[in-house]
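**Q** based on what follows, work out the 3D shape:
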Amino acid sequence: MLRLAPLALLILLAGCTSSRVASPSITSAELQRAVEAEIDGFEGVVGVYVTHLETGATAEVRPDELFPTASMIKVPIMVTVFDRIEAGEIGYSADVMFVDSLRYSEYDLFGDLRDSSLVPVHQLVELMLSASDNTSSLWLQAMVTGEYINEWLAANGFEGTRMNSRTEGRRGDWEVYGWGQTTPREMAELVRRIVEGEAVSPAADDEMHRALTRTFYDDEAVAQLPPWVAAATKQGAVSASKSEVAYVHAPSGPYVFCVVTKEQADTGYEADNAGFEIIRRLSRLFWQSFEPTSSWRPVPGAEQYRL
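**A** Residues are numbered from 1 along each chain as shown. I've put the predicted structure just below:
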């Protein structure tokens, strides 16, 4: 058996753990100018919040303005479901019964369930996050209630992020923003807390973090990242609003961002929708700004796999 002297062993271990690259040198002012140039000319309103969590380099456009969440509201739903799991009110592996009145859309995976089918809660959470299934999302929302979701958000310092749909007293906000509303800064902060273990509990946050890394919808922000880089993300899309929040575990250190649009002129859902494109462009800008030595680029032909 080969035996190493203590000094040699320390040198070897240092070499094995030194894969971290140098922190990016871009300043907040430089990043701000780059973001503003990227969104110039967009036909609609864009909100942006991005920060490199170690260097503090930050750019923001309308960071505290309210925008529709679309399916990003599923992040607060998830957080409050785990909050109730931690309180012992919901069992993560407990079976719950599906009834036909829960069916939201024929396109949902859970929309094919038969009345009285039993489904474990963890499958509802998985489909809500990974496949953005609306039937499972509304089912989980009903378990915790929109009112409690908003109470949790307010108690934890989120002033603008709220559940509107199927929630008492939120009709007027629903008419303006739809299912939910948020600000770019707040949605980025919520995901940061989850990833860094500051949302519900270390165990709950770890499970939520894992769930957020398993998204099926990887055509916008995630498509601009190398496939070997982990990212916790959630996307949203309605006709005049497209959005995505992401916490990226980059080699130079993590960064978090949220991009949201509203009042878009392009109201379609095609892969080349202007909202989807601005999310791609900004995600690519962030990666290249924070990882300037990376030679990785999306491979030619990747566009044909966009959904």
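**Q** list the buried residues in stretch 266-279.
**A** Buried residues in stretch 266-279, counted by 16 or more other C-beta atoms under 10 Å: 266, 273-276, 278-279. Backbone N, C-alpha and C define where each C-beta goes, glycine included.
**Q** all helices of this structure, in order?
**A** In the chain, the segments counted as helices under DSSP state H are 6-16, 28-39, 74-86, 121-130, 134-144, 146-155, 171-177, 184-195, 202-212, 274-290.
**Q** save the ones you listed as CSV, and put in distance to Val245 too.
**A** Converted to CSV, those look like this (distance: least, C-beta to C-beta, whole Å):
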stretch, distance to Val245
helix 6-16, 33
helix 28-39, 16
helix 74-86, 7
helix 121-130, 12
helix 134-144, 16
helix 146-155, 15
helix 171-177, 16
helix 184-195, 5
helix 202-212, 9
helix 274-290, 10
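**Q** any idea which of those gets closest to Pro298?
**A** Ranking the helices of the chain by distance to Pro298, with C-beta to C-beta as the measure, places helix 274-290 first at 8.0 Å.
**Q** quick check: angle from the closest one to helix 28-39?
**A** 150 degrees (axes from the mean of the first three to the mean of the last three C-alpha atoms, to 10 degrees).
**Q** tell me what helix 274-290 is packed against?
**A** Applying 3 or more C-beta pairs under 8 Å, 6 or more residues apart in numbering; DSSP states H and E, we find helix 274-290 packed against helix 28-39, strand 45-52, strand 241-248, strand 255-262.
**Q** would JSON lines of those with distance to Thr58, mean pLDDT and mean neighbour count be doable?
**A** Listed next are the helices and strands packed on helix 274-290 as JSON lines, based on distance: least, C-beta to C-beta, whole Å; pLDDT from 0 to 100; neighbours: other C-beta atoms under 10 Å:
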{"stretch": "helix 28-39", "distance to Thr58": "5", "mean pLDDT": "98", "mean neighbour count": "16"}
{"stretch": "strand 45-52", "distance to Thr58": "4", "mean pLDDT": "98", "mean neighbour count": "24"}
{"stretch": "strand 241-248", "distance to Thr58": "15", "mean pLDDT": "98", "mean neighbour count": "27"}
{"stretch": "strand 255-262", "distance to Thr58": "10", "mean pLDDT": "98", "mean neighbour count": "27"}
